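**Q** Below are the sequence and a predicted model; questions follow.
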Amino acid sequence: MVSIFDYGMNGEGVAKLDGKVVLIDGAIIGENIEISILSDKGNYAIGKVDNIVSKSPHRITPQCPYFFTCGGCSLQHMDYAEQLHFKKTLVQKTLKKIARQDFSVSDTVPCDHDFGYRNKLSFSVDKKICGFKHEKSDDIIDISYCPLADDQTNKVLEIFRDFMAVYVTDTSPVRNLVIRNIAHQILVGVVTREHIDLSVFYTRLSQEFSSIGLYEIINTRRDSVVISGKINHIAGIKNIKINNFGLTYFVDLIGFHQTNINIQDKLYKKVLEFVSCGDSIINGFSGQGLLSAILSTKAKNVVGIEINKNAHLSAEKLKRDNHISNLQNVLGDFDKEIKKYLHADTVVLDPSKKGCGQSVHEIIGVKNIIYISCNPIALAKDLKILLDDYTVEQIIPFDMFPQTNSVETLVKLKYKEKK
């Protein structure tokens, strides 16, 4: 029997057996558990729960019947308060380990709904099976609904499964189903290796939903990339119209948009609190330009820098549609373009999972840095570079993905004035 005294990076319970650290999926701090060792990794081992001798008061029954096979939601066995605590300590421990400083971290900002929050899902399809690939293999877990999605998204999945049962054969070229649903506007994409007739599927969708659009995406790639190749609009709406932060903007099926609107709004409101009226702001890795446009409602002027051409064009459309005059969208590599704008008061960074890397060297000297990160490890590596020149004023985790081990983190830094 072992006692769980900590959590690993992915939410595993941590115990010691014969002096060796053991990581155990599904275990919670404070529990006493009988385990079996699955594998020995040298300096640590992987174990599995055989019997819970004493349960944590934070242990709950997972809502999802696929929890123990899917692997996508690794924390459903914890109550929501414990999930939030885990994410705060994850950020704190990761920063201390890599950046070598014991930071004060705020409590994790919760999502108002810890289920039904995802506005986009991509399902894998193989013959008549539709679901998610197992986290540790290419096996598809056949599912009838996902509790992270809302009722409308799950209804689309149900209609698609009915369509497949009648019209799809064992030699079907269908490989994915993609659904994006925001404000009761739904975009559906069927990813296939070759053209198929989707008219019956669309007819059924249009009978069920008043605002629906269907796309066929012909993807002949042999890798795991979902959205690629020829994209055909079959029928219905082409994009989703959103009114938020005093802006009107459009979201399509394939472009990046935060999958949790509730936490997105809380995060961006906090970013706005961190900037001052009259600031000149650089928004690095600005994507489709939503945050840049939001910042322009308060700042003197904003420059958004983005290397992806399609995202840049979307940002330009958003700017035109909302008649924004104090925003400049720049198409280019952040490392190169930032050198032209170092007179700015504030740099807002929202990089990909790999972080900024060497880019952070380019911004040293700017008075304020606001950093949004989806990866605590990459964040810690970038902060380590900045700590000689900056004071960390606030670190706030946001629960962008409840029930999973992912966390979004917002950091506010201020330049140390040289004496």
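**A** Cool, the structure landed. All values derive from a computational prediction rather than experimental measurement.
**Q** Would you map the helices across the stretch 251-400 of the chain?
**A** For the stretch 251-400 of the chain, applying DSSP state H, counting those that start in this stretch gives helices covering 261-274, 290-296, 309-321, 334-337, 359-363, 376-386.
**Q** Could you do the stretch 1-150 of the chain as well?
**A** Under DSSP H, counting those that start in this stretch, the stretch 1-150 of the chain gives helices at 67-70, 80-99.
**Q** Does Lys120 touch Arg180 like I think?
**A** Yes: with contacts counted by Cβ atoms under 8 Å, Lys120 reaches Arg180, the gap being 4.4 Å. From N, CA and C alone the C-beta is placed, and that goes for glycine too.
**Q** More neighbours: those two, which one.
**A** Remark: of Lys120 and Arg180, Arg180 carries more neighbours, 25 against 19, as counted by other Cβ atoms under 10 Å.
**Q** Does that one lie in a helix or a strand, and which?
**A** Using DSSP states H and E, Arg180 sits within strand 174-182.
**Q** Dump the C-alpha coordinates for the helix or strand just after that strand into PDB.
**A** Next helix or strand after strand 174-182 toward the C-terminus (DSSP H and E): strand 185-192. The C-alpha trace of strand 185-192 is given here as PDB (Å, rounded to 0.1, in the frame of the first residue of the first chain):
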ATOM      1  CA  GLN A 185     -24.600  28.900 -34.800                       C
ATOM      2  CA  ILE A 186     -23.200  25.600 -35.900                       C
ATOM      3  CA  LEU A 187     -20.500  24.800 -38.500                       C
ATOM      4  CA  VAL A 188     -20.000  21.100 -39.400                       C
ATOM      5  CA  GLY A 189     -17.100  19.700 -41.500                       C
ATOM      6  CA  VAL A 190     -16.900  16.100 -42.800                       C
ATOM      7  CA  VAL A 191     -13.300  15.300 -43.700                       C
ATOM      8  CA  THR A 192     -13.100  12.600 -46.400                       C
END
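**Q** Residues in contact with strand 185-192: which ones?
**A** Contacts to strand 185-192, defined as Cβ atoms under 8 Å, 6 or more residues apart in numbering, come from residues 125, 152-153, 156, 160, 173-181, 196, 198, 201, 205, 209, 211-219, 226-227, 231, 237, 239-241, 252-254.
**Q** any common contacting residues for Lys120 and Arg180?
**A** With Cβ under 8 Å, 6+ apart, Lys120 and Arg180 have common neighbours His257.
**Q** Neighbours of the nearest residue to Ala235 once chain neighbours are set aside, how many?
**A** Nearest non-adjacent residue to Ala235, counting by Cβ to Cβ, 6 or more residues apart in numbering: Tyr202, 5.1 Å away. If you count neighbours by other Cβ under 10 Å, Tyr202 ends up with 19.
**Q** what does Arg221 give?
**A** Arg221 has 11 neighbouring residues, counting by other Cβ under 10 Å.
**Q** go on, Gly304?
**A** 31.
**Q** mind listing what it touches?
**A** Asn283, Ser286, Gly289, Leu291, Ser292, Ala315, Leu327, Gln328, Asn329, Val330.
**Q** Tell me what it is bridged to.
**A** Taking DSSP bridges, one obtains Asn283, Asn329 as the residues bridged to Gly304.
**Q** circling back: how far does the strand holding Arg180 sit from the chain's center?
**A** Distance of strand 174-182 from its chain centroid, counting by Cα atoms, centre = their mean, to the nearest Å, is 17 Å.
**Q** Nearest to Val347, out of the helices of the stretch 1-150 of the chain?
**A** Taking Cβ to Cβ, helix 80-99 is the member of these nearest to Val347, at 18.8 Å.
**Q** Ramachandran angles for Thr203?
**A** phi -60, psi -40 (degrees, to the nearest 10).
**Q** Any figure for the gap between it and Gly213?
**A** Applying Cβ to Cβ, to the nearest Å, the value for Thr203 to Gly213 is 14 Å.
**Q** who's more crowded, those two?
**A** Of the pair Thr203 and Gly213, Gly213 is the one with more neighbours under other Cβ under 10 Å, namely 24 against 11.
**Q** The more buried one reaches Ile237, doesn't it?
**A** Yes: judged on Cβ under 8 Å, Gly213 makes contact with Ile237 at a distance of 3.8 Å.
**Q** what's next to the strand holding Arg180, contact-wise?
**A** Here strand 174-182 makes contact (Cβ under 8 Å, 6+ apart) with 119-126, 130, 149-150, 152-153, 156-157, 160, 164, 168, 186-193, 196, 217, 219, 226-227, 240, 242, 251, 253, 257, 261.
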